[in-house]
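Novice: how would this look folded up:
(one chain, ligands or ions: 1)
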Amino acid sequence: MRNQAIIAVGLLLVSCGSGKRSEGSPTTDAAATPAAALAARLDSVARSGHFYFGHHDDTAYGVEWKYEDVRSDVRDVTGEYPGLMNWDLGLIELDSARNLDKVPFSFIAGEIRKQDARGGVNAISWHPRNVMTGGDSWDTTGSPLHELAGNREMADSLDAWITRAARFIGDLRNEEGERIPVVFRPWHENNGTWFWWGSANATPEEYIDLWKRTRSIFDREGIDNVVWAYSPDRVDSKEKFLLTYPGDDYVDLIGSDIYHFNGEEGREEFEKQVRSQLSVVEAEAKERGKLMAFTESGLEGVTIPDWYTNVLLPAVSEFPVAYVCVWRNANKEEKAGHYYVPYKGHPAEEDFKAFHANGKAIFVK
Ligand code: BMA
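Specialist: Numbering: from 1, shown residues only. This next block holds a predicted model:
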């Protein structure tokens with residue numbers, strides 16, 4: 001199995017206990033593939049009590065700008081880029097030049113290279129179209145996964161789509177021509193009902209088959225720069241977690257996506273959810289020798305001015321997460337109010353600076 005090196009690294013590190021690494025630590029194994037090297041890095045960050053701070057589409061656009069060379073709302077406020085940048089492959093499946101949020105794929109590849117060169121990490125999500133109707137990820141009509149086994153044409157399309165995603169990722173290379181490792185987080189939030197691969201439109205077996213299909217295509221393409229991340233939405237019990245867990249051979253990192261809704265009123269609920277869901281993730285990660293992360297979060301509009309230091313930081317500090325990623329700062333002309341990091345002049349700016357200065361979250365120059 002292509003991922004054995006990563007799994008071995010994870011197990012070895014976990015069995016070493018916190019802090020110290022034993023003789024024959026995974027430095028040599030970690031160099032075996034770009035993915036294994038990234039897994040080892042994420043693991044050592046989590047063990048050190050730090051986490052990469054992540055932001056989706058960070059350098060593509062911000063609330064008040066688009067495609068400036070080179071700008072970031074995170075850097076405008078803190079002086080540094082986020083330690084992790086997330087990018088989305090939605091529409092790569094149709095060979096489009098731009099993704100679902102109109103970010104050119106050539107731009108994404110270039111930014112991934114820059115982020116890697118500055119010592120940061122990249123993660124990739126994917127919101128592909130509905131393989132049956134051609135609608136977007138949120139179009140659940142047709143429940144394509146129920147039909148896949150009996151529909152050769154649709155299965156071939158899906159395989160071609162996955163192949164395009166695999167080739168894009170396999171083509172990510174640094175100046176030396178080496179593959180750049182990324183965290184890849186396909187088929188996310190499957191416990192929710194809003195995506196066509198979600199719980200209302202796929203049986204657990206169909207969902208797990210989708211993962212296996214994805215992995216086998218990436219393996220066929222010889223992709224060795226992916227840390228595989230599984231990130232359901234509502235996992236507050238071991239049973240729910242296990243229901244659609246693709247299996248230890250297919251996953252390197254497990255996480256959960258949890259957003260804060262309803263501002264101050266929703267604060268307690270968010271804190272409770274983080275605690276209950278990340279506790280399940282932590283227990284499973286420990287038992288299985290996997291990395292863990294808080295794969296998506298955020299409070300839209302950052303309407304609680306001390307959200308970063310008084311809500312997010314205490315919540316994640318309880319867990320050995322390798323990273324926490326907040327969603328994008330959509331440009332105000334595209335989707336007003338849809339942003340998760342304070343920009344310059346925003347009421348939460350000072351608090352975000354304090355979150356940065358606190359030192360637990362990793363940013364990069
Ligand atoms: C969602 C929103 C959408 C966007 C999608 C993919 O959460 O931000 O506007 O198209 O993610 O980035």
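Novice: now the strand or helix carrying residue 350, how far from the centre of its chain.
Specialist: Under the criterion DSSP states H and E, the helix or strand holding residue 350 is helix 349-357. What separates the centre of helix 349-357 from the centre of its chain is 23 Å, taken as C-alpha atoms, centre = their mean, to the nearest Å.
Novice: list the contacts of it.
Specialist: By C-beta atoms under 8 Å, 6 or more residues apart in numbering, the surrounding residues in contact with helix 349-357 are 53, 77-80, 302, 305-310, 312-313, 341-343, 361, 363. Heads up, the C-betas are built off the backbone N, CA and C, glycines and all.
Novice: try stretch 106-115
Specialist: Contacts of stretch 106-115 with the rest of the structure, by C-beta under 8 Å, 6+ apart, involve 59-60, 67, 70, 81, 85, 87, 97, 99, 121-122, 168, 171-175, 180, 182, 364.
Novice: repeat the analysis, applying 10 Å as the threshold.
Specialist: Contacts to stretch 106-115, defined as C-beta atoms under 10 Å, 6 or more residues apart in numbering, come from residues 57-60, 67, 70, 72, 81-85, 87-89, 92, 97-99, 103-104, 120-124, 168-169, 171-175, 180, 182, 364.
Novice: near the ligand, which of those show up?
Specialist: Filtering those for proximity to the ligand (criterion: C-beta under 6 Å from any ligand atom) leaves residue 88.
Novice: among the contacts of stretch 106-115, which ones are buried?
Specialist: Judged by neighbour count, with 16 or more other C-beta atoms under 10 Å as the criterion, the buried members of the contacts of stretch 106-115 are 57-60, 72, 81-85, 87-89, 92, 99, 103, 120-124, 168-169, 172-173, 180, 182, 364.
Novice: and the protein, which residues reach the ligand?
Specialist: Taking C-beta under 6 Å from any ligand atom as the contact definition, the chain meets the ligand at 88, 100-101, 127, 327-328, 335, 338.
Novice: those residues into TSV, with extra columns for pLDDT and secondary structure?
Specialist: What follows is the residues of the chain next to the ligand, written out as TSV (pLDDT from 0 to 100; DSSP: H, G, I helix; E, B strand; the rest coil):
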residue	pLDDT	secondary structure
88	99	strand
100	98	coil
101	98	coil
127	98	coil
327	98	coil
328	98	coil
335	98	coil
338	98	coil
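Novice: please, a ChimeraX command that selects the buried ones among the residues you listed?
Specialist: Below is the selection syntax for ChimeraX that covers the buried ones among the residues of the chain next to the ligand, with 16+ other C-beta under 10 Å defining burial:
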select :88,100,101,127,327,328
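Novice: thinking again about what came up before, which ones among the contacts of helix 349-357 map onto strands?
Specialist: Among the contacts of helix 349-357, the residues falling in strands (DSSP state E) are 53, 361, 363.
Novice: and for the residue lying closest to the last one once chain neighbours are set aside, the neighbour number?
Specialist: Of all residues not flanking residue 363 in the chain, residue 80 sits nearest, at 3.7 Å (C-beta to C-beta, 6 or more residues apart in numbering). Counted with other C-beta atoms under 10 Å, the neighbours of residue 80 add up to 17.
Novice: OK, contacts around residue 80?
Specialist: Taking C-beta under 10 Å, 6+ apart as the criterion, residue 80 is in contact with 53, 72, 74, 118, 120, 356, 362-365.
Novice: repeat the analysis, applying 7 Å as the threshold.
Specialist: Contact analysis of residue 80 by C-beta atoms under 7 Å, 6 or more residues apart in numbering lists 356, 363-365.
Novice: check residue 195 too.
Specialist: Residue 195 sits next to 137-138, 189 when contact means C-beta under 7 Å, 6+ apart.
Novice: what is the nearest of the residues you listed to residue 152?
Specialist: Within those, proximity to residue 152 (C-beta to C-beta) peaks at residue 137, which comes in at 23.0 Å.
Novice: end to end, how far does stretch 244-252 reach?
Specialist: Between the opening and closing residues of stretch 244-252 we find a distance of 15 Å, counting by C-alpha to C-alpha, to the nearest Å.
Novice: tell me the mean pLDDT for stretch 67-79?
Specialist: In this model, stretch 67-79 has an average pLDDT of 96.
Novice: please apply the same query to stretch 107-121.
Specialist: Looking at stretch 107-121 alone, the average pLDDT works out to 98.
Novice: buried sites along it?
Specialist: Along stretch 107-121, these residues count as buried under the neighbour rule (16+ other C-beta under 10 Å): 107-109, 111-113, 115-116, 120-121.
Novice: you'd agree residue 136 is up against residue 128?
Specialist: No: under the criterion of C-beta atoms under 7 Å, residue 136 is not in contact with residue 128, lying 8.8 Å apart.
Novice: who has more neighbours out of these two?
Specialist: Set side by side, residue 136 and residue 128 show unequal neighbour counts under other C-beta under 10 Å, the larger going to residue 128 at 25 against 15.
Novice: please, which helix or strand holds that one?
Specialist: Secondary-structure element containing residue 128, defined by DSSP H and E: none, the residue being outside all helices and strands.
Novice: that one and residue 195, how far apart?
Specialist: Taking C-beta to C-beta, to the nearest Å as the measure, residue 128 and residue 195 are separated by 9 Å.
Novice: joint contacts of those two?
Specialist: With contacts taken as C-beta under 7 Å, 6+ apart, residue 128 and residue 195 have residue 137 as neighbours in common.
Novice: which phi and psi does residue 226 have?
Specialist: Torsion angles at residue 226 (phi, psi; degrees, to the nearest 10) stand at phi -120, psi 130.
Novice: burial measure for it, as a count.
Specialist: Other residues lying near residue 226 total 28 when counted by other C-beta under 10 Å.
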